[in-house]
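Novice: this is a predicted model, with the sequence first.
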Amino acid sequence: MPIPPVPPTEPVPVAADTWLIPNLAPGEPGTYVPVNAMLIRGAEPVVVDTGAPIHRELWLEKVFGLVDPEDVRWIFLSHDDGDHTGGLHDALALCPNATLVTNAFGTERLNLERPLPLDRLRWLEPGDAFDAGDRRLRLVLPPIFDGPTTRGLFDERTGALWAVDSFAALTTGAVHTRDELPAELYDETFKLFNSLISPWHEWLDVDRYGRHVDSVAALRPSVVASAHGPLLTGGYIDDAFARVRALAGQPRLMLPGQPSLDEFVDAAIAAAPAGLTPA
């Protein structure tokens, strides 16, 4: 079936020398799934994740409209999910002076698709950091994640936190901050997405998980950017941490099953022009 059009987006300032690189995918009618990356354009520019394959050309245009590829010194890959690796090999080819920050398990998984240049890698884990010239960037384990290779990134200079898949929620279009979203949409889709991304929350010990969430919140970020949610500042940051903390021990939300798929297919067939079967 054809993909509905989505509103165009432009890079959004997050902090000093830091931009959100936004793209959108269609969700329910009138809503969209953010598919974001980030760029830090400091003394040693850092590309933070590389978008989804469907947005590859848009991602390349937006990132390299802000920074010369040859100036990029770091590519930080939060994890190996496809919606974060869409422009990875393009970035490696276009940015000959860049080192890829990932981890050993991420490398093993990515190598199953296409080998990475080992001499351009740096393997770091939560608690490790790297110096990007005018700032120190620390790796953290975010409070919500859907893959074992996931690592977030905290900029100690600006206080900006890349929370990866944490704090996901639908948006209404090319709007990128929490206060631009309808409260009802945010409430409903935050709970849905963060449960779907991390269904293991159902089996968590409340106190032990709370201590992990608190350890990330203790960074006191000035702004939180994420791959699938709005930019968070001020009290919205504390609110988001409280929401994921409250997921511990709660039943996970279930995905639609085959009956729902049958309904979607029947509706698509009914809406197709005579003689055509939607693919």
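Specialist: Done, it's in.

Novice: please tell me how far the residue nearest to residue 77 when sequence neighbours are not counted sits from residue 242.
Specialist: Nearest non-adjacent residue to residue 77, counting by CB to CB, 6 or more residues apart in numbering: residue 102, 4.7 Å away. All C-beta atoms are positioned from the backbone trio N, CA, C, and that covers glycine. Counting by CB to CB, to the nearest Å, the separation of residue 102 from residue 242 is 31 Å.

Novice: which of the two has more neighbours?
Specialist: residue 102 (24 against 11; other CB atoms under 10 Å).

Novice: check whether that one really touches residue 149, as I assumed.
Specialist: Yes. Counting by CB atoms under 8 Å, residue 102 does reach residue 149; the two are 7.5 Å apart.

Novice: now for these two: what residues contact both?
Specialist: Residues touching both residue 102 and residue 149 (CB atoms under 8 Å, 6 or more residues apart in numbering): residue 80.

Novice: list the contacts for residue 77?
Specialist: Contacts of residue 77 (CB under 8 Å, 6+ apart): 49, 50, 84, 85, 88, 100, 101, 102, 106.

Novice: where does it land on pLDDT?
Specialist: pLDDT for residue 77: 98.

Novice: give me the average confidence score over stretch 125-144.
Specialist: pLDDT averaged over stretch 125-144 gives 98.

Novice: same check, this time on stretch 211-223
Specialist: 98.

Novice: quick one: residues in contact with it.
Specialist: Counting by CB under 8 Å, 6+ apart, residues outside stretch 211-223 touching it are 14-15, 140-143, 152, 154, 158-161, 231-233, 237-238, 241, 244-245.

Novice: got it, and stretch 104-117?
Specialist: Contacts for stretch 104-117 (CB under 8 Å, 6+ apart): 77, 79-80, 85, 88-89, 92, 100, 102, 118, 121, 123, 148-149.

Novice: quick revisit: ok, of the contacts of stretch 211-223, which come out buried?
Specialist: 14-15, 140, 142-143, 152, 154, 158, 160-161, 231-232, 237, 241, 244-245 (16 or more other CB atoms under 10 Å).

Novice: any idea where the helices of the stretch 1-150 of the chain begin and end?
Specialist: 56-63, 82-85, 88-94, 104-111 (DSSP state H, counting those that start in this stretch).

Novice: deepest in the core, which of these is it.
Specialist: helix 82-85 (a mean of 20; mean count of other CB atoms under 10 Å).

Novice: which elements pack onto that one?
Specialist: Using 3 or more CB pairs under 8 Å, 6 or more residues apart in numbering; DSSP states H and E as the contact criterion, helix 82-85 has no neighbours among helices and strands.

Novice: nice, that's everything, thank you.
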